[in-house]
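Student: sequence and computational prediction follow.
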Amino acid sequence: MAKKKFVKDSIITMTELVLPQHTNQLGNLLGGQLMHWIDICCALSAAKHSERVCVTASVDKIDFHEPIKLGDVVVLKASVNRAFNTSVEVGVKVYTENFIKRKHLHTNSAYLTFVGVDKNGKPVKTFEIIPETENEKRRFEAALKRRKQRLAERKPNS
């Protein structure tokens, strides 16, 4: 019987401080820097679930709702939404905090797909994931819809 795991077991939380080398000329966090942190956080979540190295297969749209400023703290929270054959969809929420201004904002969300690979870089079957809470169940179902959309977009036009 295949090993089954729970969503809660794949949670990764990362905390980063926005320093001058992370910002643009306006003092805002560079979008590419945030995408880098998102990729790392989600890769760790996928690896925690799959118990192996996972590589990025796709990144869904990332919207930037609020600027993240120099000196802000960025908190990224990722977990596996759904496991497929060799891939997993990981969802991440990004929050910014400013302890001095007592500000806490949800600034970004994104979905990334990762594939677990063996030592030769070949895809390997992953574990089933069991959603427990209503929110996890909703994200589990939504992940299947997003996967179908991703696969449909890959097909060449006739």
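Tutor: Arrived safely, thanks for sending.

Student: tell me how far the nearest residue to Asp60 once chain neighbours are set aside lies from Phe64.
Tutor: Nearest residue to Asp60, sequence neighbours excluded (Cβ to Cβ, 6 or more residues apart in numbering): Tyr111, at 4.2 Å. C-beta: built from backbone N, CA, C; applies to glycine. Distance of Tyr111 to Phe64, given as Cβ to Cβ, to the nearest Å: 16 Å.

Student: of the two, give the one with the bigger neighbour count.
Tutor: When Tyr111 and Phe64 are compared for neighbours, Tyr111 comes out ahead with 21 against 13, by other Cβ atoms under 10 Å.

Student: still on that earlier bit, residues in contact with the residue nearest to Asp60?
Tutor: Neighbouring residues of Tyr111 by Cβ atoms under 8 Å, 6 or more residues apart in numbering: Val59, Asp60, Asn81, Glu89, Val90, Gly91, Val92, Ala143, Arg146.

Student: those in strands, which ones?
Tutor: With DSSP state E as the criterion, strands contain Val59, Asn81, Glu89, Val90, Gly91, Val92 from among the contacts of Tyr111.

Student: for the second one, give its distance to Asp63.
Tutor: It stands for Asn81. Following Cβ to Cβ, the distance that separates Asn81 from Asp63 is 18 Å.

Student: just want to know which of these two has more residues nearby.
Tutor: More crowded of Asn81 and Asp63, by other Cβ under 10 Å: Asn81, with 26 against 8.

Student: against Val88, how distant is the more buried one?
Tutor: Taking Cβ to Cβ, one finds Asn81 at 8 Å from Val88.

Student: cool, and Leu112?
Tutor: Taken as Cβ to Cβ, the span from Leu112 to Val88 is 9 Å.
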